[in-house]
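Visitor: turn this into a model:
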Amino acid sequence: MNFYEYAVRDIEQLIPYARNSRTHSDEQVAQIAASIRAFGFTNPVLIDEDGGIIAGHGRVMAARKLAMTEVPVLVLAGLSETQKRAYIIADNKIALNAGWDDGMLQIELEALSDADFDLDILGFSDDELGIFLGGTGGDQEEGREELPADGNYKEQHGVIVMCADVLEQEVVFNKLVTLGYSVKVVST
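Guide: This next block holds a predicted model:
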């Protein structure tokens with residue numbers, strides 16, 4: 001197992017990988033910058049011996065946005081060009097393969113909300129937070145259907161789709177809406 005050199009480098013010495021397939025929107029760079037402001041620069045940029053960025057392009061963009069002149073780095077010495085190219089992809093894809101324990105995430109988000117922590121810096125959309133926090137900023141009763149007073153109930157049929165996480169739920173929800181289905185989000 002390799003352990004690498006930790007250092008601090010001038011941001012102008014770092015060279016972005018020209019063929020980086022990972023993209024960073026302005027919104028996401030702003031989220032990274034907000035995280036750095038709130039928690040510090042907790043995840044160093046991974047570079048090769050020549051200052052080429054292997055992982056951390058978004059962090060470098062956020063550091064520039066914050067007018068930082070230096071960033072922490074780990075120098076991944078000794079990797080072949082092929083290993084660097086592969087790691088650039090693996091570092092991003094493997095992180096995407098993780099899931100969420102939705103129940104535990106809900107408990108943690110509620111605890112942070114109760115402590116008046118600014119949930120905006122966590123990277124979740126308002127809709128995602130609303131799902132976990134029972135609807136933020138709105139009437140929690142909104143969306144509940146009233147029972148007909150005359151007793152004439154319309155029979156409905158439904159299918160529950162189990163999703164791996166909130167992001168998959170959002171994709172499935174949007175797809176079904178696009179296909180013309182009447183869709184409701186149900187948490188279990």
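
Visitor: residue contacts, the residue nearest in space to the middle of the chain?
Guide: By Cα atoms, centre = their mean, the chain has its centre lying nearest to Gly123, at 5.5 Å. Going by Cβ atoms under 8 Å, 6 or more residues apart in numbering, Gly123 touches 31, 35. Every C-beta, even on glycine, is put in place using the N, C-alpha and C of the backbone.

Visitor: ok, now Glu12?
Guide: Thr69.

Visitor: what pLDDT is listed against it?
Guide: pLDDT, Glu12: 97.

Visitor: and the residue nearest to the centre of the chain, how far is that from Leu129?
Guide: Distance, Gly123 to Leu129, using Cβ to Cβ, to the nearest Å: 10 Å.

Visitor: what do you get for Arg9?
Guide: Remark: distance between Arg9 and Leu129 (Cβ to Cβ) = 36 Å.

Visitor: just to check, Val172 is in contact with Val161?
Guide: Yes. Using Cβ atoms under 8 Å, Val172 is in contact with Val161, at 5.6 Å.

Visitor: what about the two, which has more around it?
Guide: A direct count of neighbours by other Cβ atoms under 10 Å for Val172 and Val161 places Val172 higher, at 15 against 12.
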